[in-house]
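1. Turn this into a structure:
(one chain, ligands or ions: 3)
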Amino acid sequence: MSHNDNGTLLVTGADVLGGGCRTDLLVEDGVIRQMGEGLSAPEGAQVVDAAGAVLLPGFVDPHTHLREPGREDTETIASGARAAAVGGYTAVMAMANTTPVTDSAVAAEWVYDKGQQAPHVDVFPVGAVTKGLKGEELAELGLMHRSRAGVRMFSDDGKCVHDPLLMRRALEYVTDFGGVVAQHAQDPRLAPHTACCHEGPYSGRLGLPGWPAVAEESIIARDIMLAKATGSRLHVCHVSTAGSVELIRWGKSTGVDVTAEATPHHLALTVAELEGYDSVYKVNPPLRAMEDVEALRAGLADGTIDVVGTDHAPHGLHDKQHDFEIAAFGMLGLETALSVVSTHLVSTGRMSWADVAQAMSVRPARLAGLEGHGRPIEVGEPANLTLVAPAATVTVDRDESESRSRNNPWHGRELTGRVVATILRGRPTFLHGAVTDLASESTVNAR
Ligand SMILES: NC(=O)N[C@@H](CC(=O)O)C(=O)O
Ligand SMILES: [Zn+2]
Ligand SMILES: [Zn+2]
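-> Ligands and ions are numbered 1, 2, ... in the order given. Predicted structure coming up:
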């Protein structure tokens with residue numbers, strides 16, 4: 001590999017979307033300039049050998065928690081950006097449940113500007129739906145949209161927008177500028193904050209407060225009706241039950257503009273993990289039964305579930321190392337998402353790499369209104385790319401992480417398929433097993 005002095009990159013022998021055809025790509029000024037066999041490297045070009053690797057559009061995470069401002073001890077925008085690069089991401093949507101909450105134009109611009117200084121991934125703020133996530137009055141939705149941050153995705157994630165009138169108003173409001181409301185579907189009466197275990201045989205036997213499926217499903221059903229009544233776009237975060245998948249399938253079949261997301265952990269892990277009371281498995285919504293996991297896999301494979309969102313939720317040891325019932329909700333996800341999807345959906349033949357490109361790049365970019373990401377791999381397109389080694393196995397080690405937190409539920413597990421390189425506008429952000437040293441001033445978030 002030669003040094004990247006002139007911003008020119010040659011990727012050789014890549015299998016685009018796993019279709020089986022090998023091609024070289026020449027990238028200049030962040031844009032794919034040539035594709036074909038046997039391209040030669042111009043003087044001074046950096047060469048990335050992609051033999052054996054599948055080339056995908058750079059991943060877009062519609063659901064990341066970066067904890068800055070407020071909890072920089074657990075993650076910063078910069079550390080989360082590095083973790084994103086390891087995971088093959090070129091853009092992430094930063095959830096609004098920070099301290100202070102991203103509920104104003106000033107706060108959104110602050111996150112956006114900080115994101116610009118993080119060279120490893122493009123960071124875009126999600127705006128809160130309600131002030132302070134309190135669920136009482138709408139946040140500055142229009143001002144956040146018209147700000148430099150150009151917010152188009154709004155969510156009170158961590159909390160459910162429970163008041164149906166507020167939800168209706170939010171849906172109506174964002175429609176004017178093509179925005180979307182992303183709901184954390186949890187009825188706070190049916191599943192209060194103490195609820196922490198999928199309600200069923202396990203919650204009874206383990207003696208943990210139950211979080212019933214209907215607390216999610218009743219909100220999704222209501223929100224689909226509201227989206228229908230308002231003609232607005234609804235996105236459902238971290239869908240976790242078979243019944244929710246059915247509701248979304250029905251909503252789509254009646255023409256409602258609803259999209260849905262599944263997390264890697266809900267696609268792979270079940271409530272049985274709670275047997276040992278290890279708080280690393282405490283997450284909202286909770287890990288469910290195998291039939292729910294199966295329904296999510298089927299839903300993702302048939303497009304009912306549109307996107308994979310990591311819900312990367314870093315927490316410090318002091319927030320996690322408690323009895324299960326009082327530990328914080330959430331688990332890491334950025335660095336391992338592709339490997340989990342590869343192991344449970346690609347290796348098993350349920351999804352192709354082209355399907356993965358849709359679920360992890362194309363559709364999340366469309367959902368978030370990002371035009372420079374999730375693009376086809378073609379001449380003239382921005383070079384936001386991810387290289388995956390489909391057969392490589394990885395044993396996850398929580399201490400080998402760019403995240404500031406260690407709440408990694410995949411620790412010690414062997415997964416098949418891994419990201420080997422991530423390229424953001426022609427510059428490798430992750431290569432040869434390491435995050436690249438990049439000067440911060442040379443990036444500009446490109447929506
Ligand atoms: N998923 C979680 O369990 N926790 C998230 C909030 C959320 O996504 O609801 C967090 O911010 O920690
Ligand atoms: Zn949530
Ligand atoms: Zn979340």
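2. my read: residue 221 touches residue 247, true?
-> Yes: the pair formed by residue 221 and residue 247 meets the contact definition of Cβ atoms under 8 Å, at 5.4 Å. Backbone N, C-alpha and C define where each C-beta goes, glycine included.
3. ok, the closest residue to ligand 3 within the stretch 301-447 of the chain - how many residues close by?
-> Residue nearest to ligand 3 within the stretch 301-447 of the chain (Cβ to the ion): residue 311, separated by 4.3 Å. Using other Cβ atoms under 10 Å as the criterion, residue 311 is surrounded by 30 other residues.
4. Okay, domains of the chain per the record?
-> According to automatic domain parsing, the chain is divided into the following domains: 8-55+382-391+413-438, 58-368.
5. and the shortest one, how far apart are its ends?
-> Terminal residues of domain 8-55+382-391+413-438 are spaced 15 Å apart (Cα to Cα, to the nearest Å).
6. Equivalent analysis for stretch 176-185, please.
-> Using Cα to Cα, the end-to-end distance of stretch 176-185 comes out at 24 Å.
7. on that earlier part again, wait, what's in contact with the residue of the stretch 301-447 of the chain closest to ligand 3?
-> Counting by Cβ atoms under 8 Å, 6 or more residues apart in numbering, residue 311 makes contact with 63-65, 237-238, 263, 265, 283, 330-331, 333.
8. separation between it and residue 64?
-> Remark: distance between residue 311 and residue 64 (Cβ to Cβ, to the nearest Å) = 8 Å.
9. and if you look at residue 304?
-> From residue 304 over to residue 64 the distance is 23 Å, taken as Cβ to Cβ.
10. ditto for residue 112
-> When Cβ to Cβ is applied, the distance between residue 112 and residue 64 equals 14 Å.
11. out of those two, which sits in the busier spot?
-> Neighbour totals were compared for residue 112 and residue 64, and residue 64 leads with 31 against 23 (other Cβ under 10 Å).
12. which residue sits closest to the residue in the stretch 251-400 of the chain that ligand 2 sits nearest to, ignoring its sequence neighbours?
-> Distances between the stretch 251-400 of the chain and ligand 2 by Cβ to the ion are smallest at residue 284, namely 5.5 Å. Counting by Cβ to Cβ, 6 or more residues apart in numbering, residue 329 is the residue found nearest to residue 284 once chain neighbours are left out, at 4.2 Å.
13. Could you check how far that neighbour is from residue 70?
-> Going from residue 329 to residue 70 by Cβ to Cβ gives 17 Å.
14. Neighbour count for those two, which is higher?
-> More neighbours surround residue 329 than the other of residue 329 and residue 70, with 17 against 12 (other Cβ under 10 Å).
15. Surely residue 355 forms part of a helix?
-> Yes: under the criterion used here (DSSP: H, G, I helix; E, B strand; the rest coil), residue 355 sits inside a helix.
16. To what extent is residue 326 buried, counted in neighbours?
-> Neighbouring residues of residue 326 were enumerated by other Cβ under 10 Å; the total is 11.
17. Now do the SS call for it.
-> When the structure is reduced to helix, strand and coil (three-state DSSP), residue 326 reads as coil.
18. Which elements pack onto the longest helix seen in the chain?
-> Counting residues, the longest helix in the chain under DSSP state H turns out to be helix 213-230. Contact analysis of helix 213-230 by 3 or more Cβ pairs under 8 Å, 6 or more residues apart in numbering; DSSP states H and E lists helix 164-175, strand 180-183, strand 234-236, helix 242-253, strand 258-262 as its packing neighbours.
19. ok, stretch 64-82 near ligand 3 or not?
-> No: interface with ligand 3: stretch 64-82 contributes nothing (Cβ under 5 Å from the ion), its closest point being 5.6 Å away.
20. picking that back up, could you please give me the overlap between the contact lists of residue 311 and residue 64?
-> Residues touching both residue 311 and residue 64 by Cβ under 8 Å, 6+ apart: none at all.
21. Can you say which of the domains of the chain is packed in most?
-> Mean neighbour count (mean count of other Cβ atoms under 10 Å) peaks for domain 58-368 among the domains of the chain, with a mean of 22.
22. avg pLDDT for it?
-> Along domain 58-368, the predicted local confidence has a mean pLDDT of 98.
23. what distance separates the start and the end of that domain?
-> End-to-end distance for domain 58-368: 15 Å, by Cα to Cα.
24. again, but for stretch 152-164
-> The stretch stretch 152-164 measures 21 Å between its terminal residues, going by Cα to Cα.
25. does that stretch come close to ligand 1?
-> Yes: under the criterion of Cβ under 6 Å from any ligand atom, stretch 152-164 makes contact with ligand 1 via 157-158.
26. Is any residue of that stretch near ligand 3?
-> Yes: for a cut-off given as Cβ under 5 Å from the ion, stretch 152-164 has contacts with ligand 3, namely residue 157.
27. can you tell me which residues contact the closest residue to ligand 2 within the stretch 151-300 of the chain?
-> Among all residues of the stretch 151-300 of the chain, residue 184 sits closest to ligand 2, at 3.6 Å; criterion: Cβ to the ion. Contact analysis of residue 184 by Cβ under 8 Å, 6+ apart lists 155-161, 237-238, 284.
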